[in-house]
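Trainee: show me the folded form of this:
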Amino acid sequence: MKRKVVVGMSGGVDSSVAAYLLQEQGYEVIGVTMQIWQEEEAQSQDGCCGLSAVEDARRVAETLGIPYYVMNFRREFRERVMDYFVEEYLRGRTPNPCIACNRYVKWESLLRRALELGADYIATGHYARVDRLGNGRFAIRNSVTAKKDQTYALYSLTQEQLAHTLMPAGEYAKEEIRQIARQQGLPVAHKPDSQEICFIPDHDYAAFIDREAGERVPPPGDFVSGEGQVLGRHKGITHYTIGQRKGLELAMGHRMFVTAIRPESNQVVLGENEDTFTRQVLCDRVNYMAVEDLTGPENVVAKIRYNHGGAPCIIEKQTDGKVLCSFDSPVRSAAPGQAVVFYKGEYVLGGGTILEPV
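Mentor: Model (predicted):
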């Protein structure tokens, strides 16, 4: 009897080829697009999982001859991703909505529905791999191509989720995926990748937060130095993130950088370039993947944002369960709210949410 897999199809080339590859491997493949756009959001129809994605995914499913469904995840996406995004910015933090979407929508909600359908697995087009290690635990492994590696955004998946996950695209380079799509006549072979946050296609985060937060939008306040000297006025804390230097609209005579955001006093702290660097980062909400727990200091390579190349550091669990990351060399712009992900060789050891530089 064929094992059944539900493939999350975004209408892009990666998930489309993932469906084809699994079909070739002998799985019974079902295509699903997650309906996450909100009723009032016509502007998001061209993004990941938008209205145009449904038509593209449906055409791919027809080409492959697999069943295809659209499932409604609007409520989960609203609560777990969009509301979280706004709340984090109101708290002066920098969220990562793709990580929240992966953990709570694409895996928690979609996997639950898939299992209810009698499926054995869910699959996506992520450039990553899932392996079972010698200690019996499942872990995310780097894709074969560092250029498109997406393991950073998957660190928070649970053991139960990983046990039911397939990621066939992780065995290929992007160019190979497109070549397979062309060879199989998939209608999305030349479709460009989606780059923006799907629910903010115009990239104007502050305007989105203003609309969503309503009366709770933070008012303008003071730019201050680290010593508390007032340097000018800012437009509201939701317009800024750690390490930012563009858009400050201050005539200081030299470049200044955002080094801290203080929602309690409505202040944005500015400093010099060297003030954006830190050797230590404290994180909480830690998810362990390749190991069950930290039993002592561990040498790892840690990434503090998606496009960070990674830096050697020692991680050590604190008595309150938080993890202190001590880097060999200073790292720049460690923003509270972003993820710090720990790698041991090719595998994700775990990761957490940056609480603060220390």
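
Trainee: show me the strands in the stretch 201-350 of the chain, by range?
Mentor: Assigned by DSSP state E, counting those that start in this stretch, the strands in the stretch 201-350 of the chain fall at 221-224, 230-234, 257-262, 267-271, 277-288, 298-303, 311-317, 323-332, 339-344, 347-357.

Trainee: do you know which of the ones you listed lies nearest residue 88?
Mentor: strand 347-357 (9.6 Å; CB to CB). Placement of C-beta: from N, CA and C, glycine included.

Trainee: against which helices or strands is that closest one packed?
Mentor: strand 138-142, strand 277-288, strand 339-344 (3 or more CB pairs under 8 Å, 6 or more residues apart in numbering; DSSP states H and E).

Trainee: switch these over to CSV; also include mean pLDDT.
Mentor: Shown next, in CSV, are those (pLDDT from 0 to 100):
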stretch, mean pLDDT
strand 138-142, 97
strand 277-288, 98
strand 339-344, 98
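
Trainee: ok, back up a step: any idea which of the strands of the stretch 201-350 of the chain gets closest to residue 116?
Mentor: Per CB to CB, nearest to residue 116 of these: strand 277-288, 24.7 Å.

Trainee: including mean neighbour count and distance to residue 201, could the helices and strands packed on strand 347-357 go into CSV?
Mentor: Formatted as CSV, the entries for these read as follows, by neighbours: other CB atoms under 10 Å; distance: least, CB to CB, whole Å:
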stretch, mean neighbour count, distance to residue 201
strand 138-142, 23, 28
strand 277-288, 18, 28
strand 339-344, 24, 23
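
Trainee: adding distance to residue 113, write those out as a markdown table.
Mentor: Formatted as a markdown table, the helices and strands packed on strand 347-357 follow (distance: least, CB to CB, whole Å):
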| stretch | distance to residue 113 |
| --- | --- |
| strand 138-142 | 21 |
| strand 277-288 | 22 |
| strand 339-344 | 26 |
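
Trainee: which one of those lies closest to residue 318?
Mentor: Taking CB to CB as the criterion, strand 277-288 is the member of the helices and strands packed on strand 347-357 that comes nearest to residue 318, at 7.8 Å.

Trainee: pretty sure residue 326 is touching residue 318, no?
Mentor: No: under the contact definition of CB atoms under 8 Å, residue 326 does not touch residue 318, with a separation of 11.9 Å.

Trainee: state the number of residues packed around residue 271.
Mentor: 15 (other CB atoms under 10 Å).

Trainee: residues contacting it?
Mentor: Residue 271 sits next to 225-226, 256-257, 259 when contact means CB atoms under 8 Å, 6 or more residues apart in numbering.

Trainee: same thing with residue 178?
Mentor: Residue 178 makes contact with 13, 189-190, according to CB under 8 Å, 6+ apart.

Trainee: burial count for residue 334?
Mentor: When neighbours are defined as other CB under 10 Å, residue 334 has 29 of them.

Trainee: ditto for residue 61
Mentor: Residue 61 has 22 neighbours, counted by other CB under 10 Å.

Trainee: I'd guessed it sits against residue 55; true?
Mentor: No: with contact taken as CB under 8 Å, residue 61 and residue 55 are classed as non-touching, separated by 10.8 Å.

Trainee: show me where this protein has helices.
Mentor: 13-24, 51-64, 74-77, 83-90, 97-100, 110-116, 159-163, 174-183, 205-213 (DSSP state H).

Trainee: mind putting the ones you listed in TSV, mean pLDDT and distance to residue 248 included?
Mentor: Formatted as TSV, the entries for these read as follows, by pLDDT from 0 to 100; distance: least, CB to CB, whole Å:
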stretch	mean pLDDT	distance to residue 248
helix 13-24	98	37
helix 51-64	92	36
helix 74-77	94	33
helix 83-90	97	17
helix 97-100	94	24
helix 110-116	94	41
helix 159-163	97	41
helix 174-183	96	36
helix 205-213	93	13
